[in-house]
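K.L.:
following is a predicted model, sequence given first.
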Amino acid sequence: MMSKQIRFETLTEKQLASPTLQNTRLDGRIRIEWGRDDSYTIICDDEDSRKSFNRHSDTVIGVLPLKWSKQVFLTIGLDHVIQLSAFSGRNLHSLNEHSDRIFGVIEIAKDRLLSASLDGTVRIWNLRSGSLVCTIDAKITSLSAIQMFANSDHLAISDGNGVSIWSFTGKKIAVMQGLKSRIIGVSTLQNGSWMVQSEKQHPSIWSATGKFLHRFKFDFDFADDMHEVDSERLLIRRPGKSLGLWHVEGELISEHLPNDDINAAFDNLKQGHLTRDRYIEQKPEVIDFPHVRNPLGNSDSVFTARAELEKQKLDLDASPERRMFWDFFNRPLFTPIRTALKQPIKQAREQLEVLAGVREASEQEQQLRQKKRKGAAIWSWLFLVLTMVAAGIGYLFFLDNALVMDLVRQQQPELLDRLGRNAHLTLAVAAAGIGGACLLLSLMMLIRNRGHRGHQLQQEANLQVVDCLAPQFDGLIGSIKEYRQGLLNNIPVVKDLAALSPKGVLETMDRHINDTIETMALEECGLEREDIVYTNNEAIVLSDWALIQDLDKRAQVKSKLNYGNERSFWSSGSDGILFAVQYIQYIFLTEDKVDVFTTYYDFISGKCIGKEANAFYYKDVTNIAKRNVERGGQSTVNEKEISVTEIALYVASGERIRLTILNEDSVSAIAASAKDNENITMVDRIEKLEQERQNILDDQTMSETERQEELDMNAAEMADLKTQNVAQNVQKTASKADETVKNIRAQLRDHKQSGKHDEANINAPIS
């Protein structure tokens, strides 16, 4: 939460005493001038426009563009009111519960705002509804008295009564008993305890209820030098770069000596978690990843789904049909999800190898020290025994023991003669010297044994830290894989292979074309079904890709068409290509005239665009023709021009009613564009997926659950791939076009032969 917060302080008393014009930029185009009185002015320099607003009853003391919405800003006045407005100037909400000057606000979450006032309260607001969420009693005069938490929806407030912890709902969670210093850093631990950094004091641990538990004797940064292993243990790095394993109540468990590899691993662990958290925050759902709208794979084909949904204001949950069309025409790419956060995983695996090396070296050193310690212990005991033996013999010499002296006389008679009368005392002194030397050597071996033991224990502590640190990388890798798997499982085709089946899409499209839209077409033309003289009172219906229609005609509605949706199309197998936005033409043959209704229909947004109805008496229809034409400027296809077929109805006034359909040449151009953008051929891609499937089946290291998940993913990718093979049954459309031309010509011929003429001429466009 700390990384999200946006803090803003209003003008101070000193600044208000000498008013100056303030300038706040909302985005690249719009800025606001404010600060001199109760008004503010929204300025767009590009358009040379200025709009002034007086929404406050006293001087404006703050303007802040919000992050949760790119088109909303707030203004704060000395009237103790916060106004929320759109960039256009439209007022959205008034937040007016404060009774004294507001000295600052904090945007604490996606749709939450905290305001602090001299009225002794801190208030939290819902920015979407403009409603007050809660009021916290706190006599503070600066935003610095409010501290956000790194990983929870809580805040700490330092005031004259101490430090209290509050939830964003206004519930007091804990009071730090006896803590009077201002908090400058806090972090919530998994077990509910608090890690607190206060002014001029080392970090301390407090229980969930606010009871003091432990104060450290050194400083460390919560973000860079602390990592929670679990609910019971912490890894904390001292300023000297030694990494320690601590209990959450402040007891040191073990500590690794300063080591460059350990420090680098710890830094990588922290960075990996930070990268993962930020990435997941930015891309929490499948719609945050690249999607593709057709098989061409060019720059026009790939887009980010969330931005498109927000741009079109589409609520997919509001309509099953909308969801079905969206899922069919806009598909997430598997690879970016499969490889999400691949760099942290790569670095984690590298660090695991480094830690394995560190562990091996520590283990070898521990074993060496243990061996040396054992050897030193043996020697120490040996010299101690020799000391005792020498001491015993020396004592016997000192007593001039006859048995001992006779033994020496038998072995060294000359020695006793040289030593004279006090030979026994001399021998006693010599024995004492030997015993002293052995005792000294024993002590030296004992000290060496203790030294080796200290090194051994240190290596054991090192190993304990390494053995705690290494699994954290495994956990990081596991959490990333779990995140990926969760995303993959939410890809529509993974959840349901039928999501890419064109059958339901085609049936729904036909229902719209032959029912809903046709009913609208009859109403627009003022016709009843019985008025139609064509077979079974049916309309002749033609439809095709909106993007290939006559450019002059499209220009009239281009601003209303969504260009992205127009570029959305996928193969439906034997039924050809399905286009998300189609140009639909209804031809109604009646007794005396031909009525034509045309419209663009966006199946993704459910919008009918550019409706037009025309009616012509047969005598005024001069011709209906079909011809091949070139369409330029179609950036979706990697061709400057594509050849298409145009059907045109000509009338005496010179007007033409036209419809363009794909032909074999245009489909070939689309197929060629798709082929040009493939890294490998379709056959190779399918073979690769089939090989992956076999590898999954052969992998004995997987659990049955993991194997099934991988097989489901493989099947989903295969299903997706098999709908990317661009092929169009142009013969079906071409035959219908030929039939249309034939029937209209026949109707014209019948009227000319029968002599039926009506002097009236209807030519009434309906918008």
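P.N.:
Cool, the structure landed. Numbering: from 1, shown residues only.

K.L.:
what packs against the helix or strand encompassing residue 372?
P.N.:
Using DSSP states H and E, residue 372 sits within helix 342-398. On a contact count with 3 or more CB pairs under 8 Å, 6 or more residues apart in numbering; DSSP states H and E, helix 342-398 meets helix 260-282, helix 402-411, helix 423-489. The C-beta positions use only the backbone N, C-alpha and C, and glycine is treated the same way.

K.L.:
give me that answer again for 6 Å
P.N.:
If you count contacts as 3 or more CB pairs under 6 Å, 6 or more residues apart in numbering; DSSP states H and E, helix 342-398 packs onto helix 260-282, helix 423-489.

K.L.:
low-confidence stretches in this protein?
P.N.:
1-4, 150-151, 573-575, 632-640, 671-686, 702, 706, 719-734, 736, 752-767 (pLDDT under 70).

K.L.:
list the strands paired with whatever helix or strand residue 108 lives in, with their directions.
P.N.:
Per DSSP H and E, residue 108 falls inside strand 102-109. Strand 102-109 has its sheet partners listed here by DSSP bridges as strand 6-9 (antiparallel), strand 112-117 (antiparallel).

K.L.:
run through who's touching it.
P.N.:
Under the contact criterion CB atoms under 6 Å, 6 or more residues apart in numbering, strand 102-109 has outside partners 5-10, 67, 76, 113-117, 143.

K.L.:
now for the residue nearest to residue 249 when sequence neighbours are not counted, how many residues are close by?
P.N.:
Using CB to CB, 6 or more residues apart in numbering and skipping residues adjacent in sequence, the residue nearest residue 249 is residue 213, 5.1 Å away. Residues contacting residue 213 under the criterion other CB atoms under 10 Å number 14.

K.L.:
three-state assignment of residue 213?
P.N.:
Three-state call for residue 213 (DSSP: H, G, I helix; E, B strand; the rest coil): strand.

K.L.:
also the one 5 residues further on?
P.N.:
When the structure is reduced to helix, strand and coil (three-state DSSP), residue 218 reads as coil.

K.L.:
next, the residue nearest to it when sequence neighbours are not counted: phi, psi?
P.N.:
Nearest non-adjacent residue to residue 218, counting by CB to CB, 6+ apart: residue 238, 5.3 Å away. For residue 238, the backbone dihedrals are phi -80, psi 160 (criterion: degrees, to the nearest 10).

K.L.:
isn't residue 238 right up against residue 217?
P.N.:
No. The pair residue 238 / residue 217 is not scored as a contact, 9.4 Å apart, by CB atoms under 6 Å.

K.L.:
of those two, who's got more company?
P.N.:
Remark: of residue 238 and residue 217, residue 238 carries more neighbours, 16 against 7, as counted by other CB under 10 Å.

K.L.:
how much space separates that one from residue 203?
P.N.:
For residue 238, the distance to residue 203 (CB to CB, to the nearest Å) stands at 12 Å.

K.L.:
cool, residue 191 as well?
P.N.:
In terms of CB to CB, residue 191 sits 17 Å off from residue 203.

K.L.:
which one of those two is surrounded by more residues?
P.N.:
residue 203 (23 against 13).

K.L.:
the more buried one contacts residue 197, doesn't it?
P.N.:
Yes. Taking CB under 6 Å as the definition, residue 203 is a contact partner of residue 197 at 5.0 Å.

K.L.:
tell me which element the residue nearest to residue 643 when sequence neighbours are not counted falls in.
P.N.:
Using CB to CB, 6+ apart and skipping the chain neighbours, the partner closest in space to residue 643 is residue 665 (4.0 Å). Following DSSP H and E, one finds residue 665 within helix 664-676.

K.L.:
got the CA coordinates for the following helix or strand past that helix in CSV?
P.N.:
Per DSSP H and E, helix 664-676 leads on to helix 682-698 as the next helix or strand towards the C-terminus. Extracted as CSV, the C-alpha positions of helix 682-698 are listed here (Å, rounded to 0.1, in the frame of the first residue of the first chain):
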residue,chain,number,x,y,z
MET,A,682,1.0,-23.9,-39.0
VAL,A,683,2.0,-27.6,-39.5
ASP,A,684,5.2,-27.1,-37.4
ARG,A,685,3.3,-25.3,-34.6
ILE,A,686,0.8,-28.2,-34.5
GLU,A,687,3.6,-30.8,-34.5
LYS,A,688,5.3,-28.9,-31.7
LEU,A,689,2.2,-29.0,-29.5
GLU,A,690,1.7,-32.7,-30.3
GLN,A,691,5.2,-33.3,-29.2
GLU,A,692,4.7,-31.3,-26.0
ARG,A,693,1.6,-33.4,-25.3
GLN,A,694,3.6,-36.6,-25.6
ASN,A,695,6.3,-35.2,-23.3
ILE,A,696,3.7,-34.4,-20.7
LEU,A,697,2.4,-38.0,-20.9
ASP,A,698,5.9,-39.4,-20.6
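
K.L.:
all helices of the stretch 601-750 of the chain, in order?
P.N.:
664-676, 682-698, 704-722, 730-754 (DSSP state H, counting those that start in this stretch).

K.L.:
quick one: the residue nearest the centre of the chain from residue 313, how far?
P.N.:
Relative to the mean C-alpha position of the chain, the nearest C-alpha, by CA atoms, centre = their mean, is the one of residue 283, at 1.9 Å. Look at residue 283 and residue 313: by CB to CB, they are 21 Å apart.

K.L.:
and residue 524, by the same measure?
P.N.:
For residue 524, the distance to residue 313 (CB to CB) stands at 26 Å.

K.L.:
which one's more surrounded, the two?
P.N.:
More neighbours surround residue 524 than the other of residue 524 and residue 313, with 17 against 7 (other CB under 10 Å).

K.L.:
so what's that one closest to, chain neighbours aside?
P.N.:
In space, residue 524 is closest to residue 613, 4.3 Å off (CB to CB, 6+ apart).

K.L.:
who does the one you found form a beta bridge with?
P.N.:
Taking DSSP bridges as the rule, residue 613 bridges to residue 597.

K.L.:
that one: how many residues sit nearby?
P.N.:
Number of residues near residue 613 (other CB under 10 Å) recorded here: 23.

K.L.:
ok, it touching residue 526?
P.N.:
No. Assessed by CB under 6 Å, residue 613 is found out of contact with residue 526, at 8.3 Å.

K.L.:
how about the strands of the stretch 151-300 of the chain, start to end?
P.N.:
Here the stretch 151-300 of the chain has its strands, by DSSP state E, counting those that start in this stretch, at 154-159, 162-167, 172-176, 183-188, 194-198, 204-206, 212-215, 226-228, 233-237, 243-247, 252-256, 290-292.

K.L.:
got TSV for those strands, with distance to residue 653 too?
P.N.:
Compiled in TSV, those are given as follows (distance: least, CB to CB, whole Å):
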stretch	distance to residue 653
strand 154-159	73
strand 162-167	73
strand 172-176	79
strand 183-188	77
strand 194-198	82
strand 204-206	87
strand 212-215	91
strand 226-228	80
strand 233-237	84
strand 243-247	87
strand 252-256	91
strand 290-292	45
